[in-house]
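Participant: Predicted model, plus sequence, below.
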Amino acid sequence: MLTTNQTSQGTIAAVAANFLYSLLFLFGLLMQPLSGTQVASWRVLMMLFSLVLLVSVLKQWQHIFDYLRTLKTPKEWVLFILPTPILGAQIWIFMWAPVNDLGLEVTLGYFLYPMIMIMVGRFFYNENMSLLQWIATICAGIGIVYDVVQYGAISWATLFVCLGYPPYYLLRRKLAVPPITGLISDLVLLTPVVLIALYMNGGFELAIATDKFWYLLPLLGIISTAAMSLTMVASQKLPVSLFGTLCYLEPIFLFLFSVTILHQGIDEGGSLFMYGMIFIALLMMITDSALGYWARKRDDRLHGYNEPQVGSFPPRRRLKNRRIKGVLTAHRFRKIRKYQQKIDKMTRKIEVLHSK
C-alpha cells in the first residue's frame, strides 16, 4: 500500500516530468537554424544516450536481455520491430510541428489521445467504460464532428498524433514488452535512420559549426533523462488512477506553450466550440480518475505500478505467463551455462594434473 508521503513525492515527480516533456516541445525553436526534422533526429540520438546511461545506472541491462531472449519466432520479432516506425514518426512530428506553425494542432491530438485509448480498451479488450468516460468521449466526438461539418476537415497533424499512438501500444501490449525494453529497442533501431538523415541534410555540419549546440544538445539529453527518471519514480510511488490523471498535465502545458510562446491563435487549431467540448471531455476524464482514486483510497486499495495494477486494461494472463516462463528459462539457461563453464575449467585443470 502507498503512504501519504509517497503520494506527495510521486505527485511532485509526475508534475515535474510532464513539465519537462513539454519543454522538449520548444526545443525546435531554441535549436534553429536546425530544421524540425534535424532536431527530431538529434533528439533520438540524445534520448538513446540518456537512456543507455539511465539503464546502466539502474543496472537494468539484464532485464532487457532476458526479455529479448524470449522472442523465439520470426513472427514475434516482426511484431516487436513493427511499432518502431510509429514511434519515430511521433518523435518527428512532436519536434517538427512547433517550428512549422502546427503546435496547437499537435496539442489537440494529445488532448484526444486519452479518449481514443479508452475506446481502444472498450472495443479491443472489452473493458467496461464508466458513465463519465462515455459522456467525455461523446463530447469530444461532437466537437470533432462539428469542425468537420463546419470546415470540411480536421488537421492532419491532430489525427496523426491521436490515431498514431494506439497501434503502437496495441502492438507493444501484444508481446507484453516492458516499457524501457521497448523504448531502448526502438531508439537503437531508429539510430541508423537518423544518422543517415543527419548526414544527408547537413545536420552534423550545422551542429558542429554553431556554438550554442555544444550546450543545447547535452541539455536535450539531460532533460530527456530527467523526464524519464521522474516518470519512473512517479509510476512507482503513485496509485495508477492518480498517475493517469496527472498525465493530462502534458497536453495542458503544450496548449499553454503553443498559445503564449509559439503565439498561435486558438482558432488556428480548430473552432472554439471544438476546444470547449474537448476541454469539457478532459475535465470529465480527470473527474472520473479522481473519483476512482478516492474510492480506492477509501477502501484502502491503492497500488503503484510495481504492485498489482488497478483500473488498467484486463490482464492478458496467458501472454504474461508465457513471457514470465520465457524469462525464467533464460535465467536457468544462463546459470546452467555458467556452471558448465566452471565444470569444463575444472576438468581441464584435472587433465593437466593427470598429464604431469
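Facilitator: Here it is on my side, so go on. Numbers count the residues shown, from 1 in each chain.

Participant: Ramachandran angles for residue 25?
Facilitator: The phi/psi pair for residue 25 (degrees, to the nearest 10) reads phi -60, psi -30.

Participant: next one: residue 210
Facilitator: Taking degrees, to the nearest 10 as the convention, residue 210 sits at phi -100, psi 120.

Participant: That one is in contact with residue 33, isn't it?
Facilitator: Yes - counting by Cβ atoms under 8 Å, residue 210 touches residue 33, with 7.5 Å between them. (C-beta placed from N, C-alpha, C; glycine too.)

Participant: Of those two, which one has the most company?
Facilitator: residue 210 (14 against 7; other Cβ atoms under 10 Å).

Participant: show me the contacts for that one.
Facilitator: residue 33 (Cβ atoms under 8 Å, 6 or more residues apart in numbering).

Participant: Look up how far residue 202 lies from it.
Facilitator: Going from residue 210 to residue 202 by Cβ to Cβ, to the nearest Å gives 12 Å.

Participant: what's the answer for residue 129, then?
Facilitator: In terms of Cβ to Cβ, residue 129 sits 49 Å off from residue 202.

Participant: Relative to residue 228, how far out is the residue lying closest to residue 188 once chain neighbours are set aside?
Facilitator: Nearest residue to residue 188, sequence neighbours excluded (Cβ to Cβ, 6 or more residues apart in numbering): residue 48, at 6.7 Å. According to Cβ to Cβ, residue 48 stands 12 Å off from residue 228.

Participant: just residue 175 next, same as before
Facilitator: Relative to residue 228, and taking Cβ to Cβ, residue 175 is found at 21 Å.

Participant: Next: residue 150.
Facilitator: Per Cβ to Cβ, residue 150 is found 40 Å from residue 228.

Participant: same question, residue 205
Facilitator: Taking Cβ to Cβ, one finds residue 205 at 29 Å from residue 228.

Participant: These two: which has the busier surroundings?
Facilitator: residue 228 (20 against 11).

Participant: so what's the more buried one up against?
Facilitator: Per Cβ under 8 Å, 6+ apart, neighbours of residue 228: 17, 50-51, 54.

Participant: Try it again at 7 Å.
Facilitator: 51, 54 (Cβ atoms under 7 Å, 6 or more residues apart in numbering).

Participant: Now do it, the pLDDT please.
Facilitator: If you check residue 228, the pLDDT there is 75.

Participant: And it, which helix or strand is it part of?
Facilitator: Residue 228 is located in helix 213-237, with elements delineated by DSSP states H and E.

Participant: list the buried ones in that helix?
Facilitator: 213, 216-217, 219-221, 223-237 (16 or more other Cβ atoms under 10 Å).

Participant: Could you count how many residues lie near the residue nearest to residue 188?
Facilitator: Neighbour tally, residue 48, other Cβ under 10 Å: 20.

Participant: That one and residue 187 touch, don't they?
Facilitator: Yes - with contact defined as Cβ atoms under 7 Å, residue 48 reaches residue 187; the gap is 4.1 Å.

Participant: Centre of the chain to the helix holding residue 228, how far?
Facilitator: Relative to the centre of its chain, helix 213-237 is centred 13 Å away, using Cα atoms, centre = their mean, to the nearest Å.

Participant: And stretch 156-172, by the same measure?
Facilitator: So, by Cα atoms, centre = their mean, the centroid of stretch 156-172 is 12 Å from its chain's centroid.

Participant: cool, and stretch 21-28?
Facilitator: 15 Å.

Participant: mind listing what's buried in it?
Facilitator: So, applying 16+ other Cβ under 10 Å, buried residues of stretch 21-28: 21-28.

Participant: give the contact list for residue 227.
Facilitator: Per Cβ under 7 Å, 6+ apart, neighbours of residue 227: 17, 20-21.

Participant: Against residue 271, how distant is residue 213?
Facilitator: 39 Å.

Participant: so which strand or helix has residue 78?
Facilitator: Assigned by DSSP H and E, residue 78 falls in helix 74-81.

Participant: chain center to that helix, what's the gap?
Facilitator: 20 Å.

Participant: and if you look at stretch 168-176?
Facilitator: 12 Å.

Participant: Let me know the average pLDDT across that stretch.
Facilitator: Here the average pLDDT along stretch 168-176 is 82.

Participant: which residues of the stretch 51-200 of the chain score low on pLDDT?
Facilitator: 125, 127, 151-152 (pLDDT under 70).

Participant: now the helices for it?
Facilitator: For the stretch 51-200 of the chain, the helices defined by DSSP state H, counting those that start in this stretch occupy 61-69, 74-81, 84-96, 103-124, 131-151, 156-174, 179-200.

Participant: Which strands or helices does the third one pack on?
Facilitator: Applying 3 or more Cβ pairs under 7 Å, 6 or more residues apart in numbering; DSSP states H and E, we find helix 84-96 packed against helix 36-58, helix 156-174, helix 179-200.

Participant: What helices and strands are in contact with the shortest one?
Facilitator: Read it as helix 156-174. Partner elements for helix 156-174 (3+ Cβ pairs under 7 Å, 6+ apart): helix 84-96, helix 103-124.

Participant: how far off helix 179-200 does it point, in degrees?
Facilitator: Counting by axes from the mean of the first three to the mean of the last three Cα atoms, to 10 degrees, helix 156-174 lies at 130 degrees to helix 179-200.

Participant: Fine by me, thanks again.
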